[in-house]
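A.B. asks: compute the structure for the input listed below.
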Amino acid sequence: MRFNLPLTFTEGDYLQVPPLKRFLKSNNVPLAEVKDELITALRNFASESDANKTNAITWLSKAIKEGTKDFCYRKFYISDQMGINESIITDLILQAFPDYIDSNIIETTNSYEMKLVKYEIKKEDDEIAMISFTFSRLYLEGSQVNTTGQSRIYPVFVDVDMKEGFIIGRSKGKATLYEYDEENLLVKDNKVTTVTQIVQCIKLVENAFSFMRVDVEATSSVNSQILNYKLYNEFSMTPEFVIEKMNQVEELKSKFAKDVFDDLELDYNELGSALDDLGIFLEKYISLSVDNEEIFKQNRLAYLTKVSSEDEADLTRVDTVSSDSKPLQCTPAFFDGKKAVIKSGRCKVINLSFKKQVELYQTAKFFSVKFGNYKGYGYFKTVQHAEEGDINNVIQTIYQHF
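C.D. replies: Next comes the predicted model:
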């Protein structure tokens, strides 16, 4: 029987050429250069045997979960660690989701209600490490209100990291989805905000697990901004080359500041602030004189490309941005706003470019990630396609700085 791959996953960017090529190559399937031909090759491969079909579905389930996604997360604690085992977890899931389908994202029969399609309990050292959920439903999709929409599958994925105490939901950001209408019309009031679907599924999982105590304050807007500031510091660190140059004129910098304050009879209480300003001045022009941008990408997992911050007390606001391929530290704007960012100790939004783990068949070596907050949930978005290892790097970065 011909393997059926839903149109939802072939017409959009759920499936990308580099991972498609790697999967086909690993199964000795001749490669093409055009995406449609690669998908045809995948269908042909999956149609050859039941074993191939199972192999393809396993890979597709993983590939569809990856990609360009919105993520929401919250911190939780376990109130009864001793009483949790796989049997109890399974019972709680089946009680909470009596319509559980137990299928896969490719073959499941969808409806216009969000349903649990699959769950998986993963163990490490005989302890529950991760509980993964796949939810799915249908929406109407189209670009113009009051026209006929097309039914499309919309999956949402939720991972409960039992070791780290985080619940993380993800789905594909779409601005063209609408709730069901009897005449399949795209009604303006029925438009769907896809991030709300992630939050809905996270809450479904939280409600299922009575042992889970959610720390709402941990991912508040304020704490998300503090986390972003930690990431700002980590990934806009001054390169050793620039520090060495600054150290060469440290005494000259101090003498200059003191001489100016003495000659102009300035308030010595402001000398420390003046020295900080001079330090940023030196860092700025030493950095801008460097021809090699790679210096600002070396020895770090990611580099800063955008920051938005504001100090309400001083009524100052910083919005600086560079291209995804250029570190913000290579631009004058970074240094012009640096003091205000440091003083506020918070960043509303930052963008980081992370290095991709797998480069085979990839044209881009980095992918951009936007960090922010969504209604009390920690939030990040992969702006370009990212594979699971890349996404895990981002998640681990959040864990390390939380």
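A.B. asks: mind listing what the nearest residue to Ala32 once chain neighbours are set aside touches?
C.D. replies: Distance criterion CB to CB, 6 or more residues apart in numbering; nearest residue to Ala32, sequence neighbours excluded, is Leu38 at 5.4 Å. For every residue, glycine as well, the C-beta is placed using N, CA and C. Contacts were defined as CB atoms under 8 Å, 6 or more residues apart in numbering; by that measure Leu38 touches 17, 20-21, 24, 31-32.
A.B. asks: now do the same for Leu38: helix, strand or coil?
C.D. replies: Assigned by DSSP: H, G, I helix; E, B strand; the rest coil, the conformation of Leu38 is helix.
A.B. asks: tell me the spacing between it and Pro19.
C.D. replies: 10 Å (CB to CB, to the nearest Å).
A.B. asks: ditto for Phe97
C.D. replies: With the distance defined as CB to CB, Phe97 ends up 30 Å from Pro19.
A.B. asks: neighbour count winner among those two?
C.D. replies: Pro19 (22 against 18; other CB atoms under 10 Å).
A.B. asks: could you check the pLDDT of the residue lying closest to the more buried one once chain neighbours are set aside?
C.D. replies: Closest residue to Pro19 apart from its sequence neighbours, by CB to CB, 6+ apart: Ala63 at 5.7 Å. Looking at Ala63, its pLDDT is 95.
A.B. asks: roughly how far does Ala63 sit from Glu388?
C.D. replies: In terms of CB to CB, Ala63 sits 9 Å off from Glu388.
A.B. asks: let me know the closest of the contacts of Leu38 to Asp277.
C.D. replies: Val17 (48.8 Å; CB to CB).
A.B. asks: right, and that closest one touches Tyr361 too?
C.D. replies: Yes. Counting by CB atoms under 8 Å, Val17 touches Tyr361, with 6.8 Å between them.
A.B. asks: between the two, point out the one with more neighbours.
C.D. replies: Counted by other CB under 10 Å, Val17 and Tyr361 do not tie: Val17 has more neighbours, with 18 against 14.
A.B. asks: residues touching the more buried one, list them.
C.D. replies: 35, 38, 361.
A.B. asks: so which of those residues comes closest to Lys174?
C.D. replies: Distances from Lys174 to these, taken by CB to CB, are shortest for Lys35, at 19.4 Å.
A.B. asks: surely that closest one meets Leu20?
C.D. replies: Yes. Using CB under 8 Å, Lys35 makes contact with Leu20 at a distance of 7.2 Å.
A.B. asks: these two: which is more packed in?
C.D. replies: Leu20 (22 against 15).
A.B. asks: the protein: helices as residue ranges?
C.D. replies: Secondary structure of the chain (DSSP state H): helices at 7-11, 17-26, 35-47, 50-65, 86-96, 194-208, 221-235, 240-248, 250-263, 271-288, 332-344, 388-401.
A.B. asks: burial count for the spatially closest residue to Phe211 that is not a sequence neighbour?
C.D. replies: Spatial nearest neighbour of Phe211, chain neighbours left out: Asp80 (4.9 Å); criterion: CB to CB, 6+ apart. The local packing of Asp80 (other CB under 10 Å) involves 11 other residues.
A.B. asks: give me the distance between Asp80 and Leu92.
C.D. replies: Using CB to CB, Asp80 is found at 12 Å from Leu92.
A.B. asks: also Ser322?
C.D. replies: Going from Ser322 to Leu92 by CB to CB gives 47 Å.
A.B. asks: with Pro30 instead?
C.D. replies: In terms of CB to CB, Pro30 sits 47 Å off from Leu92.
A.B. asks: between these two, which has more neighbouring residues?
C.D. replies: Using other CB under 10 Å, the more surrounded residue of Pro30 and Leu92 is Leu92, with 18 against 8.
A.B. asks: was I right to think the more buried one contacts Met212?
C.D. replies: No. With contact defined as CB under 8 Å, Leu92 does not count as touching Met212 (9.9 Å).
A.B. asks: please state the offset of the longest strand along the chain from the chain centre?
C.D. replies: Longest among the strand segments of the chain by residue count, using DSSP state E, is strand 127-141. A distance of 17 Å separates the centroid of the chain from that of strand 127-141, by CA atoms, centre = their mean, to the nearest Å.
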